[in-house]
Structures are given as C-alpha cells and as structure tokens.
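# what's the 3D shape of this:
(chains A and B)
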Amino acid sequence: MITNKQLADLIFPEITETIDDLEKRYPERNLPEGAEVTRFAPSPTGFLHTGSLFTSLVCHKVASQSKGVFYVRLEDTDTKREIAGSGEELLKQMHIFGIDPDEGYLGDHEEGKYGPYIQSKRADIYKTVIKQLLVDGKAYPCFCTSEDLEELRKEQESKKLNPGYYGEFAKCRNLTNEEKYERIKNGDKFVIRFRSSGNHENKITVTDLIKGTFDIAQNDQDIVIYKSDGLPTYHFAHACDDHFMRTTTVIRGEEWVASLPIHVELFEALGWKAPNYAHLPVIMKVDEETGNKRKLSKRKDKEAAVSFFIEDGYLPKSLIMYLMTIANSNFEEWILANKFEGMENFEFSFKKMNNEGALFDMGKLNFFARELLAKLNKDEISALAYEYAKLYNPELKAAIEYNPAYFTAIMNIDREKANPRKDYEKFGHILDFIGFFYEERYQNIIKEPLPFNEKFSKEALIEALSAIKEKLHVNQDEQIWFNELKEIGVSLGYAANNKDYKANPEAYKGNIGDLAEILRITLTGRKNAPNLCAVMYVLGLEETHRRIDEVISSLK
RNA sequence: GGUCCUAUGGAGAAGUGGCUUAACUCAUCGCCCUCUCAAGGCGACAUUCACGGGUUCGAAUCCCGUUGGGAUCACCA
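Okay, here's the model as predicted:
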C-alpha cells in the first residue's frame, strides 16, 4: 500500500523544507496600521503595455499613500512566450514614468527580504507547498495528454456540459496511489492538479474593492497547479507568492475576476487568509473594423505600447496625469484646481474608480501634454527637448546643436508669461511648428507656392515687402515694433485698424492685418506662426532681409 | 453558449429617491479680444439619463424584463 507521503516523496525527493519553514522565513511584515503592500507582477513577454503602466501606477499610488510597500515580481513561468531582456526593459520604462518599486525585482538586481522575486527562481517554494498538498490528498498527479483533454472537451461540448477537468471527468482523480507511483517511476509525463471540493451549482460571495460585493459560482475545476515543465501555473503561484510576500491588496486587470473562485478556494485549502482584491477596468478603444469597443491591442494600436509615448516625445508626466483621470473621476478637477502641480498629494481611492473600461482619449492626453509643456521655462523645455532629440530624433538634435541659444530663443517665444502659448504637446512634432527657423526647412517651405492672399498682385506684394525691408526694425518691444509696422502700412495705403477697414474697404489696399500676413508668410511660409514680432527678433534683421529678398526675387 | 460585470452628451464623468429645468473636464462650434496662430474672456452643445414595464405623491437614482457592450471559460499569464 502506497501512502500519499510516499507518493509525494517520489515526486519531490529533494524537498525537505515544510510550509512552516517558509512561514518563518517570510514573516508578517512589520508595518504601520493601514499600510498596504501591493505588487505589480508582469510577465517578461514584451515591452510595457499602457494598461500595465496603468496597473503599476495604481499599485504604486496605493502603497505610497498608505506608507506601505510596492514591489515588483517577475512572472516568468511561461518559458515559451518569454522574451529575453524584456523584464529589465519593463523596469526601465516604469522608471521613465516615475514608477519605482520599493522592493522586489528591479531589473538588474533584486532587493528585499521576501525574495526571490522572480518566479522561476522560486520553484522550491512551490514544490514545498505542493508536496504538502499531495500529502494531504488535496492535489494529485494527472497523466492525461493534451489529446485526452481535447477529446474530453469535445465530449462535453456535444453533451452541452461545462468544459473542463472536474468531477466525474477528472479521470486521474481516482487513480490508486499504486498506479500513480508506478507510472511516475516509469517516467510517464504528468502535471499536478488541485483537487477541488467546490460545486458549480453553489455560489460564493466575493468582494472586490472596485466592483463591490457579488456572488459567483464556486470553482469545481481540478486546475493544473504544477506544469510538466516543473513550474507552477499562474493561479497557484499567485496564492503562494502573495501569501509569502505578504501582499495586502492584489491589484490586477479585470480579466482575473473570472478566476477569483479558483483563488479563493486555493487560499482556503492552504489555510491562508486571502488578500483584498481590486480588479482594474481595461483601457479600451473602438475597433475601426467592427465599431465595437475592445481592449487596447499592442499589435493594432500604437498607443498600447508605452514606448510610443516615449519615442514621440511626450512628457511622461502627461501620460501619468491622463491615466490618473481614468483611475479616479475626481482627479481631473483636483489637478486643475492645483494648477497641474503636486499630483503626489492627490488622495487616490478605489471608490472613485469607474468599473467600466474607458476609451483611450488621445485628445485629453494632448490637453495635459500641452499644459505641462507650457508650464516649463525656456531652459527646462530646451534641455528636455535636447534629451529627447539625442535619443529619438536626429533632425531635432542637429537643429539644437547647430545653435543651442538660438533654439532656446525660439522656445522662449510667448513662453515665460502669464498666458503662454500651448502649441506643443510633444517633442516629436516640435519641428513641424518651428522648422521654418532653420534654413533647410525654410528652403523646402518656400519651394512650394506661398499662400499669399489672392487679392494682392505680385506688384503689391513686392511694394509692401520692399517698404518693410527699408523701414521696419527689429525690436523686442512689441508695441514699438507694431507702431512702426502701422506707419509703414498707412504710408502704403493700408488701414491702420480693422474697424476703419471694415467701415470703408474701398478706400484701402487692405488692413494692417493683411500687411502683417504678407510679412508672416514671407518669413515663415505659413499664415499661422508664433508672434511675428518675436519671430523677427529671433531671426534677426539680416536674416529677415535675406528672406524678404528671396521671396521678392521668387515673385519676379 | 454558460458565468460575472456594465449601460448618463463625441470622450472621461458627477449624481446613492425630491436641492437636477443633469455638475465638472476634454473635444467641437460661435462670439469678443487681436498683426496671424495660440492663449484668454464669454456663450452654445443630453427637455433627459439604452429600451419597456413596475414600485412611489415623486426615479437618472429602487425592482423586473429586453437589448447593447465588456470580461472569462488553457500544462498563458
């Protein structure tokens, strides 16, 4: 007669520690009342997803505002999907967004007393727990092949039964210990399943910090907890790790709600207190083909990868602020009232989180991005633009390096004042706005027909530009500069202001606005450009004259 | 299909039975200001809360049903 113990020893001969030993090695944390221990547990299967950044943001916030601990655990038990180096990349990207763990897997090393924080290094911990489950008869080896399972599924489908490995369908449940022992000795491949005592007809009541309290069917599936490759499945690793790492609140994506009954049963069977749960809504997007909402997809949506925002030159904080508006409905009013500052003082609450997934709103992100960029002074924005350019934008890098002071002067147009301009939302598009300041871009611009108002003849344009070249000076004082322009306009027959012009349009060639537009188009190639007086000041008189000459000769 | 969640304007949302002829923010549009573009100021934008019933003196708010949307049903996490 083979006992459970003998079977367990056969499967895990190398495991000599007990669960009690683990409890001692990972004692309850000594933290102040109310401190939350949260964790972000990504799989190293690719770069950071915007939804993951959202999750990690909430984890970080909940821990930090309660003076608790936020740690990262690498869930690398799916060896097939693993991408080398992506774990480290994940942490680097989190860091860019200001989300740094207090403990755990930190990319290049681990920190903390509750490690290892990489699941593949925790195999012995899982085995220790599973060995006990085996001894207790709460788990058993299963020899079914994927073909067996496939057949079972088909059978259940044809009978319109719930699919899965449970109850009478759990064939290996009833194998005798002798049979199991023999087959394992034989070297037969096996997994270990949890022996569920649940009944699908019965409901359990669960509480989620966001969704509230609701009923859900008990788990009755004998889920796999130990794969044939020797690593645990997510469900089991979650129970073990969050118990021994002493997590107080598990914050994860909504896709886990459905497996909550499994986790509840696992914690119960192990005799452990389950953590609190908060299941975050998924960030969505309307699918262009179907017109339906769907989860942001890394393959289809550029905004699903956090790297997109970095490479496009968004200020990381703007994405974080946007994500916070999704996280808490009262955040937006709060941050507006605080003039976009001190966001770490905002008090996050699960109650203020909507439990339906929001559509990712690029327009709103851009709003935050513009506001944040407008708040920077000329040196800050120039330095940040340069940092960005060095990494992702060679053309911008060349432009800045060509003359850093010139670039800063450009950045300073309409900036350090009460109501600064808000044209820029990201560094990636900055040259689209100010490229005309640079010779190469300017030459490309004036190759195209310039958008002069058709009511002016070539002769009128040349007359106006010649007069401006002759009489208009560069001046930092906008009032003086504009008065000069007005005088020139009046002497040429333009109305000095819009009211005069509107009252009697026949009496004038145009109004002063028209004259300004002629100059603006000449210098920038566009009808809309930053403050003209400032543009001229930054360009300098010599360059202004050169551009006027160039346009005049092209008109001829 | 089973199970769970969910439904307020273009988007995010406030709202927890009378204070709502539904806050606030983004977007959009209009006007003012103005050398342009912005910024700023002012204003418009859901007679109605998916639909249908019910409870109530009274419902966006409570109940039931219908419909729509989302999540999930692996030796993936």
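# A:A529 looks like it's in a helix, true?
No. Per DSSP: H, G, I helix; E, B strand; the rest coil, A:A529 lies outside any helix segment and is coil.
# What is the burial count for A:E506?
A:E506 is flanked by 4 other residues according to other CB atoms under 10 Å. Backbone N, C-alpha and C define where each C-beta goes, glycine included.
# Next, work out how far apart it and A:A495 are.
11 Å (CB to CB, to the nearest Å).
# cool, and A:D514?
9 Å.
# With neighbour numbers in mind, choose between these two.
Just comparing A:D514 and A:A495: by other CB under 10 Å the higher neighbour count belongs to A:A495, 24 against 20.
# got a list of what that one touches?
Counting by CB atoms under 8 Å, 6 or more residues apart in numbering, A:A495 touches A:G489, A:Y501, A:A507, A:Y508, A:G510, A:N511, A:I512.
# now, which of the residues you listed lie close to RNA strand B?
Checking the contacts of A:A495 against RNA strand B by CB under 7 Å from any atom of the strand, the ones in range are A:I512.
# Could you list which of the contacts of A:A495 belong to helices?
Among these, the members found in helices (DSSP state H) are A:G489, A:Y501, A:I512.
# What are the boundaries of the strands in the stretch 251-400 of chain A?
Residue ranges of the strands in the stretch 251-400 of chain A, as given by DSSP state E, counting those that start in this stretch, are A:276-280, A:284-286, A:293-295.
# same question, the stretch 401-550 of chain A
A:494-495, A:510-511.
# Quickly compare these and say which is most buried.
Stretch with highest mean neighbour count among these: strand A:494-495 (a mean of 24; mean count of other CB atoms under 10 Å).
# Counting neighbours, which of the ones in helices among the contacts of A:A495 comes out on top?
In terms of neighbour count, A:G489 stands highest of the ones in helices among the contacts of A:A495 at 25 neighbours, by other CB under 10 Å.
# And stretch A:130-141, end to end?
11 Å (CA to CA, to the nearest Å).
# That one near RNA strand B anywhere?
No. Interface with RNA strand B: stretch A:130-141 contributes nothing (CB under 7 Å from any atom of the strand), its closest point being 10.5 Å away.
# again with stretch A:167-187
No. Stretch A:167-187 stays clear of RNA strand B (CB under 7 Å from any atom of the strand), getting no nearer than 10.6 Å.
# end-to-end on that stretch?
End-to-end distance (CA to CA), stretch A:167-187: 27 Å.
# repeat for stretch A:78-96
So stretch A:78-96: terminal residues 27 Å apart, CA to CA.
# Report pLDDT for the spatially closest residue to A:Y438 that is not a sequence neighbour.
Take A:Y438 and drop its neighbours on the chain: the residue closest to it by CB to CB, 6 or more residues apart in numbering is A:A399, 5.5 Å away. pLDDT, A:A399: 94.
# Point out where chain A drops to low pLDDT.
Chain A contains no residues with pLDDT under 70.
# Which segments of it make up each domain?
Listed domain ranges for chain A are A:4-16+A:123-280, A:293-374, A:376-443, A:449-555 (source: automatic domain parsing).
# Just tell me which of those domains ends up closest to A:Y71.
A:Y71 lies closest, by CB to CB, to one member of these: domain A:4-16+A:123-280, at 6.9 Å.
# And the residue of the stretch 351-500 of chain A closest to RNA strand B?
As assessed by CB to the nearest atom of the strand, RNA strand B sits closest to A:N419 within the stretch 351-500 of chain A, at 2.9 Å.
# Tell me which residues touch that residue, please.
No contacts exist for A:N419 under CB under 8 Å, 6+ apart.
# right, and A:K509 touches A:S491 too?
No. A:K509 is beyond contact range of A:S491, at 11.2 Å (criterion: CB atoms under 8 Å).
# Which residues of the stretch 51-200 of chain A lie near RNA strand B?
A:75, A:77-78, A:81, A:144-146, A:149, A:153, A:160, A:162-165, A:189, A:191.
# What distance do you get for A:Y406 to A:N393?
In this view, A:Y406 and A:N393 are 17 Å apart by CB to CB.
# neighbour-wise, which of those two wins?
Ranked by neighbour count (other CB under 10 Å), A:Y406 and A:N393 place A:N393 first, with 22 against 16.
# Now that one. Nearest residue, chain neighbours left out?
A:G428 (6.5 Å).
# A:G198 now?
Nearest to A:G198 is A:Q218, by CB to CB, 6+ apart, at 3.7 Å.
# For RNA strand B, see how far away the one you found is.
Distance from A:Q218 to RNA strand B, counting by CB to the nearest atom of the strand, to the nearest Å: 10 Å.
# hang on, isn't A:Q218 packed against A:V206?
No. Between A:Q218 and A:V206 there is no contact under CB under 8 Å: 10.6 Å.
# Which neighbours do those two have in common?
Both A:Q218 and A:V206 are in contact with A:P261, where contact means CB under 8 Å, 6+ apart.
# May I see the strands of the stretch 401-550 of chain A organised as CSV, with distance to A:Q479 added?
Putting the strands of the stretch 401-550 of chain A into CSV (distance: least, CB to CB, whole Å) gives the following:
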stretch, distance to A:Q479
strand A:494-495, 19
strand A:510-511, 19
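# what's the closest of these to A:E459?
Per CB to CB, nearest to A:E459 of these: strand A:510-511, 13.8 Å.
# on that earlier part again, which ones are touching the residue nearest to A:G198?
A:G198, A:N199, A:H200, A:N202, A:K203, A:I204, A:P261, A:E265.
# for A:I11, same thing?
By CB under 8 Å, 6+ apart, A:I11 lies in contact with A:K131, A:L134, A:P141, A:I184, A:I192.
# switch to 10 Å and redo it
If a contact means CB atoms under 10 Å, 6 or more residues apart in numbering, then A:I11 has A:K127, A:I130, A:K131, A:L134, A:P141, A:K180, A:Y181, A:I184, A:F190, A:I192, A:Y226 as its contacts.
# By neighbours, which of those residues wins?
Highest neighbour count within these: A:Y226, with 27 neighbours (other CB under 10 Å).
# Tell me the secondary structure at the residue lying closest to it once chain neighbours are set aside.
Residue nearest to A:Y226 in three dimensions, not counting chain neighbours: A:I192, with 3.7 Å by CB to CB, 6+ apart. Classification of A:I192 using three-state DSSP returns strand.
# Enumerate every residue touching the residue nearest to A:N393.
By CB under 10 Å, 6+ apart, the neighbours of A:G428 are A:F308, A:F309, A:I310, A:E311, A:D312, A:G313, A:Y314, A:Y388, A:A389, A:Y392, A:N393, A:L396.
# Distance of the nearest residue to the fifth one once chain neighbours are set aside relative to A:L515?
When you say that, I think you mean A:D312. Spatial nearest neighbour of A:D312, chain neighbours left out: A:G428 (4.1 Å); criterion: CB to CB, 6+ apart. Distance from A:G428 to A:L515, counting by CB to CB: 35 Å.
# Narrow the residues of the stretch 51-200 of chain A next to RNA strand B to just the buried residues.
Buried members of those, scored by 16 or more other CB atoms under 10 Å, are A:E75, A:T77, A:D78, A:C144, A:G164, A:Y165, A:V191.
# Sitting in helices, which of those do you find?
Short answer: these have none in helices (DSSP H).
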